[in-house]
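Student: with the input below, show me the fold.
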Amino acid sequence: MAFENISESANELQKSSKDYINRNIEYYRLSAFKKFTKGTTSMIMFIIIGAVLFGAMLLLTFSLALFIGAWLDNLALGFLLLGIFYILVCFVVYFGFRKTIERKVLIKASKDFFDDDDY
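Tutor: Residues are numbered from 1 along each chain as shown. Below is the predicted model of the structure:
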């Protein structure tokens, strides 16, 4: 009698353990899929918004360079001055804000990757 109860308990324990492992595997698969999907969506949105902003900045840069060139009566000088301005902006951003940008990107990526909230 006691041996049968132990045998039944062992079978139930084995069944419960398999069920627990299978549910854990399913949970981690869904969690990985969610994180992959969030990352892919963020990357696609970044590319789309970046492309639109790049096009807008390109058109604004050309129009501003033409305006400055017409104002100075030398189109090449207008493009040169705007190019120098953008190089100066790049140096200021790189040397002045590099650590801040890296920190903000790391915090945002960490929140996205380690977020356990369902939405």
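
Student: where does this structure dip in pLDDT?
Tutor: 1-3, 113, 115-119 (pLDDT under 70).

Student: the longest helix in it is where?
Tutor: Ranked by residue count and defined by DSSP state H, the top helix of the chain is helix 2-72.

Student: list the helices and strands that helix packs on?
Tutor: With contacts defined as 3 or more CB pairs under 8 Å, 6 or more residues apart in numbering; DSSP states H and E, the packing partners of helix 2-72 are helix 75-114. For glycine as for every other residue, the C-beta is placed from the backbone atoms N, C-alpha and C.

Student: got the angle between the helix it packs on and helix 2-72?
Tutor: For helix 75-114 against helix 2-72, the angle by axes from the mean of the first three to the mean of the last three CA atoms, to 10 degrees is 170 degrees.

Student: mind giving me the packing neighbours of helix 75-114?
Tutor: Helices and strands touching helix 75-114, as assessed by 3+ CB pairs under 8 Å, 6+ apart, comprise helix 2-72.

Student: and the helix it packs on, how far out from the chain middle?
Tutor: 9 Å (CA atoms, centre = their mean, to the nearest Å).

Student: all set, thanks.
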